[in-house]
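A.B. asks: Any chance you can model this:
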Amino acid sequence: MISDFARQKFTRYFELWDTNNSGDLTVEDLSTYVERLANLKGIPVDSPPLVAMQENTNTWWNTEILPKVDVNNDGSISLDEWLNYCEAQRDADKVVRDAGGRNVEREQFIGMLFHMIDRDGGGTIGPEEWATFYSAFGISADAAEVFKSLDTNNDGSISLEEVTNHFYTFVFSEDPNEPGNYMFGSLS
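C.D. replies: I've put the predicted structure just below:
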């Protein structure tokens, strides 16, 4: 059973993906999400890389997400379906992690997200890039404060390793004092 704290975190994550605030996730939400990520990098909507990313996202949605998550087969994902999926994924990831492995698909997603936020391609995320990410996705938390808490080695930037570790904290930690639990904003 998913804890109340995990429910808050996964609900917050659902809200970020639900770009039109309809209460359901659709392929259109994913398209908007991809466009926002592309805008972070200044990639034109009609550019071949973005078109390819949209096609890959649509394929992923139709072949991986809907069949696994859309229990009632209505073509969208409700919050309850999302929470059940997150709980199952978290349990499966825990088995892999306990065996010393990592979720390659999840880490590919984290890497893609990281490189989209890293607007200048410098290999780290600076405070301005983090603030732009928050702005692009309508995250109302104090980006500078969250950035400082995620910069665990206090070097003024966030590395891919730090983002990956914080993402795993977001997925697994039940400790409300862990900064990674708030990487997508406050939990309310």
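
A.B. asks: Helix or strand next in line after the helix ranked longest in the chain, which one?
C.D. replies: Counting residues, the longest helix found in the chain (DSSP state H) is helix 79-98. Per DSSP states H and E, the first helix or strand lying C-terminal to helix 79-98 is helix 104-117.

A.B. asks: What average pLDDT does that following helix get?
C.D. replies: Taken as a whole, helix 104-117 has an average pLDDT of 84.

A.B. asks: helices or strands up against it?
C.D. replies: Counting contacts by 3 or more CB pairs under 8 Å, 6 or more residues apart in numbering; DSSP states H and E, helix 104-117 is packed against helix 27-41, helix 127-136, helix 160-172. C-beta coordinates here come from the backbone N, C-alpha and C atoms, glycine included.

A.B. asks: Against which helices or strands is the last one packed?
C.D. replies: The criterion is 3+ CB pairs under 8 Å, 6+ apart, and the helices and strands that helix 160-172 contacts are helix 79-98, helix 104-117, helix 143-150.

A.B. asks: Can you lay out those helices as a markdown table showing distance to residue 175 and mean neighbour count?
C.D. replies: Below are these laid out as a markdown table (distance: least, CB to CB, whole Å; neighbours: other CB atoms under 10 Å):
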| stretch | distance to residue 175 | mean neighbour count |
| --- | --- | --- |
| helix 79-98 | 15 | 14 |
| helix 104-117 | 20 | 15 |
| helix 143-150 | 13 | 17 |
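
A.B. asks: Could you export the ones you listed as CSV, including distance to residue 55?
C.D. replies: Output for the helices and strands packed on helix 160-172, formatted as CSV (distance: least, CB to CB, whole Å):
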stretch, distance to residue 55
helix 79-98, 23
helix 104-117, 15
helix 143-150, 31
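
A.B. asks: sorry, back to before: got the helices and strands packed on helix 104-117 as JSON lines, with distance to residue 19 and mean pLDDT columns?
C.D. replies: As requested, these are exported to JSON lines (distance: least, CB to CB, whole Å; pLDDT from 0 to 100):
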{"stretch": "helix 27-41", "distance to residue 19": "4", "mean pLDDT": "84"}
{"stretch": "helix 127-136", "distance to residue 19": "11", "mean pLDDT": "90"}
{"stretch": "helix 160-172", "distance to residue 19": "19", "mean pLDDT": "93"}
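
A.B. asks: buried ones in stretch 126-139?
C.D. replies: 126, 127, 129, 130, 131, 132, 133, 134, 136, 137, 139 (16 or more other CB atoms under 10 Å).

A.B. asks: Just the CA trace of it, in PDB.
C.D. replies: As requested, the backbone C-alpha atoms of stretch 126-139 are provided in PDB (Å, rounded to 0.1, in the frame of the first residue of the first chain):
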ATOM      1  CA  GLY A 126      22.900  26.200 -12.900                       C
ATOM      2  CA  PRO A 127      20.400  28.200 -10.800                       C
ATOM      3  CA  GLU A 128      19.100  30.100 -13.700                       C
ATOM      4  CA  GLU A 129      18.500  26.900 -15.700                       C
ATOM      5  CA  TRP A 130      16.600  25.400 -12.700                       C
ATOM      6  CA  ALA A 131      14.500  28.600 -12.400                       C
ATOM      7  CA  THR A 132      13.700  28.500 -16.100                       C
ATOM      8  CA  PHE A 133      12.600  24.800 -15.700                       C
ATOM      9  CA  TYR A 134      10.300  25.800 -12.800                       C
ATOM     10  CA  SER A 135       8.900  28.700 -14.800                       C
ATOM     11  CA  ALA A 136       8.300  26.600 -18.000                       C
ATOM     12  CA  PHE A 137       6.400  24.000 -16.000                       C
ATOM     13  CA  GLY A 138       4.500  26.400 -13.700                       C
ATOM     14  CA  ILE A 139       6.100  25.100 -10.600                       C
END
